[in-house]
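# Coordinates for the following, if possible.
(one chain, ligands or ions: 1)
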Amino acid sequence: MLVATLSKRLLRVGQAKRCGLSLRSFSDAKDKDLVLTSIDGDTGVATITMNQAPVNSLSLEMCQAITTAIKEVESQPEIQSLVLASSLPGVFCAGLDITELHKPDEKRLTDFWHSFQQIYFDLYGSRLATIAAIAGHAPAAGCMLALSCDYRIMVSGAGSKKPSTIGLNETKLGIVAPSWLGYQYIDTIGQRQAELGLSLGLLHQPEQALAIGLVDELVPREEVLSRAQAEAVKWGKIPAKARLASKMLARKARLDHLAATRKEDNDFFRSFVTNETAQKIIDGYLQSLSKKKS
Ligand SMILES: CC/C=C\C/C=C\CCC/C=C/CC(=O)SCCNC(=O)CCNC(=O)[C@H](O)C(C)(C)COP(=O)(O)OP(=O)(O)OC[C@H]1O[C@@H](n2cnc3c(N)ncnc32)[C@H](O)[C@@H]1OP(=O)(O)O
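Numbering: from 1, shown residues only. This is a model prediction of the structure:
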C-alpha cells in the first residue's frame, strides 16, 4: 500500500519484465521490508524508500538492505536515476543505529562498520544520478546518505514549529565523524562551514542548510518526493558516461582512499567504540534519547 502512494505508475515484477526491467521486490513488498524499491514505468526513475520505523536508523541489516537495493537498481541498465527517500513522516534517517555501538559483539561491530562503508562506496560512487528527498531529520550518518547523493531536496522549514535538521552532530555526542565523512562535508560545503559544523556539531535548519550549500533546494513537505523524482528525470537525461565521468572527477580519489584504508578505518572504529570512555558516552546518549520520550 505504501509503495502505491509513491508514484503514479509503479511497476509490478511482471510488468517490469515486459518493459525490460527485472527488479524483484517493489510494489509487492511487505511493510516489514527495511527498504522499498519502486520504478516509475513512465519515467524509468527508481525510488528507494527507507522504511525502518521509528527513525530509519542504520543497523547492520538496514545498511545491507540499502546496499542490496542500490545494486538491484544499478543492475538494470535502462535505469539512469534514483531517488533516496523515507517512508517516515518527519525523519529521513537518524544516522547510525546507536544500539549497534552499545556493548557490541566485536564480529557484528566489524560487519556493521563494513556495511556502513559499503553504502558510501555504493551510493557516493553510484553510476546512477542520485537525488535525496529529505522530508525530515537527517543527522550524522543520515546526513552522510544525503551527501552521497548528487542533489539534495529538503523539506522547507518555513512555518514549521519544529523544522527538520541536517548536519554532522557527532562532536556534540563526544564522538568524531570518520575522516571520509568529514571530507564529504568539506567537499560539499567548503572548508570554513565544514570546520564550524564539525567542531560545533551543528544541525542546520533547512534555510541555513540551503544558505551554506548543504542542500540544493527547499520545497513544501508534500512536494519533496515529486520534486525529487522530477529532478531525477532531468539528471537521467544527461549522457550517462559523461555524467559519471564528471562525478568521478570529484569523488574517485576519496573513494579510492577509503578502499585502500578500509581495514584500518574499521580497526580504528572498533577500538574507538569498544573503549570504556566511548561506551559511557554511548550509554548516556541512549538513555537521553529514551528519556526525551518519557
Ligand atoms: C575518531 C572516530 C573515528 C571513527 C569512528 C568513531 C566513532 C563512532 C562513529 C561515528 C559516526 C557516527 C555517525 C552517527 O550516525 S551517530 C548517530 C547520530 N544520530 C543522532 O544523534 C540522532 C538521534 N536521534 C534523534 O535526534 C531523534 O530521534 C530524531 C530527531 C532523529 C527524531 O526525533 P523523534 O522525536 O521523531 O524520535 P525520538 O522519539 O527521538 O526517537 C524514537 C525512537 O527511536 C530511537 N532512536 C532515535 N535515534 C536513534 C538512533 N540513531 N539509533 C538508535 N535508536 C534511535 C529513540 O531512542 C526512540 O526509541 P524509543 O524510546 O521509542 O524506544
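# going forward, measure contacts and count neighbours with C-alpha atoms only.
Fine.
# Tell me where the chain has helices.
13-18, 60-74, 106-119, 141-147, 179-189, 191-200, 206-211, 224-236, 240-274, 276-293 (DSSP state H).
# from those, which stretch is densest packed?
helix 141-147 (a mean of 25; mean count of other Cα atoms under 10 Å).
# Just the CA atoms of it, as CSV, please.
C-alpha atoms of helix 141-147 as CSV (Å, rounded to 0.1, in the frame of the first residue of the first chain):
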residue,chain,number,x,y,z
ALA,A,141,25.0,9.2,9.1
GLY,A,142,21.6,10.4,7.8
CYS,A,143,23.4,13.4,6.5
MET,A,144,26.0,11.1,5.0
LEU,A,145,23.3,9.4,2.9
ALA,A,146,22.2,12.8,1.6
LEU,A,147,25.8,13.9,1.0
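# could the helices of the chain be laid out in a markdown table, adding distance to the ligand?
As requested, the helices of the chain are exported to a markdown table (distance: least, Cα to the nearest ligand atom, whole Å):
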| stretch | distance to the ligand |
| --- | --- |
| helix 13-18 | 33 |
| helix 60-74 | 12 |
| helix 106-119 | 9 |
| helix 141-147 | 4 |
| helix 179-189 | 7 |
| helix 191-200 | 12 |
| helix 206-211 | 14 |
| helix 224-236 | 18 |
| helix 240-274 | 4 |
| helix 276-293 | 4 |
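# so which of those gets nearest residue 37?
helix 60-74 (6.8 Å; Cα to Cα).
# what angle separates the closest one from helix 106-119?
30 degrees (axes from the mean of the first three to the mean of the last three Cα atoms, to 10 degrees).
# Tell me which other helices or strands helix 60-74 touches.
Judged by 3 or more Cα pairs under 8 Å, 6 or more residues apart in numbering; DSSP states H and E, the packing partners of helix 60-74 are strand 35-39, strand 46-50, helix 106-119.
# what about the chain, any weak spots by pLDDT?
Within the chain, the ranges that satisfy pLDDT under 70 run 1-32, 293-294.
# Looking at the helices of the chain, spot the one closest to residue 153.
helix 224-236 (6.4 Å).
# okay, the closest one in CSV with CA atoms only?
Presented in CSV, the C-alpha positions along helix 224-236 are these (Å, rounded to 0.1, in the frame of the first residue of the first chain):
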residue,chain,number,x,y,z
VAL,A,224,9.6,16.7,-1.7
LEU,A,225,9.2,13.3,-3.3
SER,A,226,7.6,14.5,-6.5
ARG,A,227,10.1,17.3,-6.9
ALA,A,228,13.0,14.8,-6.3
GLN,A,229,11.5,12.4,-8.9
ALA,A,230,11.2,15.3,-11.4
GLU,A,231,14.8,16.2,-10.8
ALA,A,232,15.8,12.6,-11.3
VAL,A,233,14.2,12.6,-14.7
LYS,A,234,16.3,15.7,-15.6
TRP,A,235,19.6,14.1,-14.4
GLY,A,236,18.7,10.8,-16.1
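# Let's have the helices and strands packed on helix 60-74 in CSV, adding distance to residue 244.
Shown next, in CSV, are those (distance: least, Cα to Cα, whole Å):
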stretch, distance to residue 244
strand 35-39, 21
strand 46-50, 17
helix 106-119, 18
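# Kindly report the residues of the stretch 1-150 of the chain close to the ligand.
54-55, 57, 91, 94-99, 137, 139-141 (Cα under 6 Å from any ligand atom).
# so of the residues you listed, which ones are in strands?
Among these, DSSP state E puts 91, 137, 139 in strands.
# how much space between the last one and residue 82?
Put plainly, it is residue 139. Distance, residue 139 to residue 82, using Cα to Cα, to the nearest Å: 21 Å.
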